[in-house]
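# no sequence on this one, just coordinates:
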Ligand code: SF4
């Protein structure tokens, strides 16, 4: 194992520590991302051509508006949790739905599970602001119940638009619900993880949800394996 890998490995298991993890700016930047040729085909947009992914993502948020498309709008949500991060990201994380902390702060993965996700991101040499983080569902379900099929049906179109605009190389589906929802399967996460899937021009890698890792620290070993694969794909491997 290379020194750098060993270092990250040890830190991942040492409570996924942040201190001392080397950031690697040379591979964090998507080649050519800032300088697309002027005659490059524009990404599919229904009526408007956006000069930047940031503009296109902002337009999706605008279309979502003060959404009342599904019943979750009237079941106690404080705010819509749209998504956060780099609109040009090579790596995107998709979770299930906002929880209590996210509902208050308006940002996905900000509670304890979110802090663990940040450490997982840093363990592969990236910063949280380098990636994009979103959920299948944009409003908090009451009592953190699972999202229901009619809610997913109404909401997932916005996640699909985020994915198609950001065009990440890798999507990490965090946990059973996100993986099953994106892959349209009822297979358990234990069977889904450890494999790669082609998904909307990206490679999708399912892994365990950080909240599960908080309850089951032994599962960090598998998540680390998944994240090493993510890192290899981002590096072109
Ligand atoms: S969960 Fe999605 S579809 Fe439902 S109200 Fe919130 S933003 Fe709209």
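Structure received. Everything numeric in this text was worked out from a predicted model, so none of it was measured.
# going forward, measure contacts between C-alpha atoms and count neighbours the same way
OK.
# So which residues on this protein come close to the ligand?
67-70, 72-73, 80, 137-139, 151, 154-155 (CA under 6 Å from any ligand atom).
# now the strands: where do they sit in the protein?
Using DSSP state E, the strands of the chain run over residues 84-85, 91-95, 132-135, 170-174, 197-199, 202-207.
# Return the members of the residues of the chain next to the ligand classed as buried.
By neighbour count, with 16 or more other CA atoms under 10 Å, the residues of the chain next to the ligand hold 67, 70, 72, 73, 80, 137, 138, 139, 151, 155 as buried.
# Give the closest residue to the second one in space, chain neighbours not counted.
What sits nearest to residue 70 in space, not counting adjacent residues and going by CA to CA, 6 or more residues apart in numbering, is residue 151, at 5.5 Å.
# OK, contacts around the one you found?
Applying CA atoms under 8 Å, 6 or more residues apart in numbering to residue 151 gives the contacts 70, 71, 72, 137.
# so where's the longest helix in the protein?
Longest helix of the chain, by residue count under DSSP state H: helix 149-166.
# what comes up buried for that helix?
For helix 149-166, by 16+ other CA under 10 Å, it's 151, 152, 155, 156, 158, 159, 162, 163, 164, 165, 166.
# Taking their axis directions, that helix and strand 202-207 sit at what angle?
Relative orientation of helix 149-166 versus strand 202-207 (axes from the mean of the first three to the mean of the last three CA atoms, to 10 degrees): 130 degrees.
# what is the rounded mean pLDDT of helix 149-166?
In this model, helix 149-166 carries a mean pLDDT of 98.
# ok, the spatially most central residue of the chain to residue 73 distance?
Closest to where the C-alpha atoms of the chain average out (CA atoms, centre = their mean) is residue 93, at 1.2 Å. Residue 93 sits at a distance of 24 Å from residue 73 (criterion: CA to CA, to the nearest Å).
# and what of residue 136?
Residue 136 is 15 Å from residue 73, by CA to CA.
# can I assume residue 186 is in contact with residue 180?
Yes. If you go by CA atoms under 8 Å, residue 186 and residue 180 touch, sitting 5.8 Å apart.
# Please identify which of those two sits among more neighbours.
A count of neighbours by other CA atoms under 10 Å puts residue 180 above the other of residue 186 and residue 180, at 17 against 12.
# per-residue confidence at the more buried one?
Looking at residue 180, the pLDDT reads 97.
# same question, residue 22
Looking at residue 22, its pLDDT is 42.
# now the one 3 residues further on
The score at residue 25 is 44. That number is its pLDDT.
# quick revisit: so what's the residue nearest to the centre of the chain up against?
Counting by CA under 8 Å, 6+ apart, residue 93 has contacts 131, 132, 133, 134, 171, 172, 173, 174.
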